[in-house]
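Novice: Predicted model, plus sequence, below.
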Amino acid sequence: MCTCQRKKSNSDVDYQAHLDILQAITGEYEETHTIVFCGDVNGTLKKKRNNSHDKKLAKFIKTNKLNVHQEMITNSTPTFYHNDGKSTSQLDYLFSNNDVINTAIEMQQAPINKSSHLPVIANLTKRLKTGVKKERKATQLTNFYGKKLTKKEYRNVLNQMIATCN
């Protein structure tokens, strides 16, 4: 959940706005779907830290009766390493509205991963319904900048972007 410090920005207001979006999703689908939230939640459930984001996150989890896999609580491995090299925290989680998270693992930093966050992987107790859908032919695609492109143009743009990363 992005709570970037912009000019005249209040991260608490931004954080609550993101939780409100998740609340709307939960309210809409909790009776009919299994909901799994995962990723960087910019808050922690660690007891030794208790800032406003942490309190809001804990309240959100309690209010919505979300499950957090016990391994993520007891192991409490840092998943975020600040670029100053001095501070760490556990900000990346997996939550569910029912008991579908079988295992949760915080991965180690891979040399290729330049993120300040570690990946978190879950093994779920349920499988997603899958089926083969008829593929629709797209004549135009939209790139990241909203420009309409043919498939060939889109591939070229992606290849150029990938080349700049190498």
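Specialist: Looks like it arrived, so ask away.
Novice: count of residues packed around Ser11?
Specialist: Other residues near Ser11 number 15, with proximity taken as other CB atoms under 10 Å. In short, each C-beta sits where N, CA and C put it, glycine included.
Novice: ah, wrong one, I meant Ala122
Specialist: 19.
Novice: Help me confirm that it is found in a strand?
Specialist: Yes - assessed by DSSP: H, G, I helix; E, B strand; the rest coil, Ala122 belongs to a strand.
Novice: Now do it against Lys151, distance only.
Specialist: 34 Å (CB to CB, to the nearest Å).
Novice: same check, this time on Asn64
Specialist: 41 Å.
Novice: the more surrounded of the two?
Specialist: Each of Asn64 and Lys151 had its neighbours counted (other CB under 10 Å), and the higher figure belongs to Asn64 (17 against 12).
Novice: list the contacts for that one?
Specialist: Shown here is Asn64, whose contacts under the criterion CB atoms under 8 Å, 6 or more residues apart in numbering are 23, 26, 30, 97.
Novice: what residue ranges in this protein are flagged as low confidence?
Specialist: When residues are selected by pLDDT under 70, those of the chain lie in 1-9, 76, 81, 101-115, 117, 128-149, 161, 165-166.
Novice: Please repeat the previous calculation with a cut-off of 50.
Specialist: For the chain, the stretches with pLDDT under 50 are 4-8, 143-144.
Novice: need the longest helix for it.
Specialist: Ordering each helix of the chain by length in residues (DSSP state H) puts helix 11-29 first.
Novice: can you pull the buried residues of the following helix or strand past that one?
Specialist: The helix or strand immediately downstream of helix 11-29 is strand 36-40, counting by DSSP states H and E. Within strand 36-40, the residues that qualify as buried are 36-37, 40, counting by 16 or more other CB atoms under 10 Å.
Novice: All good on my end, thank you.
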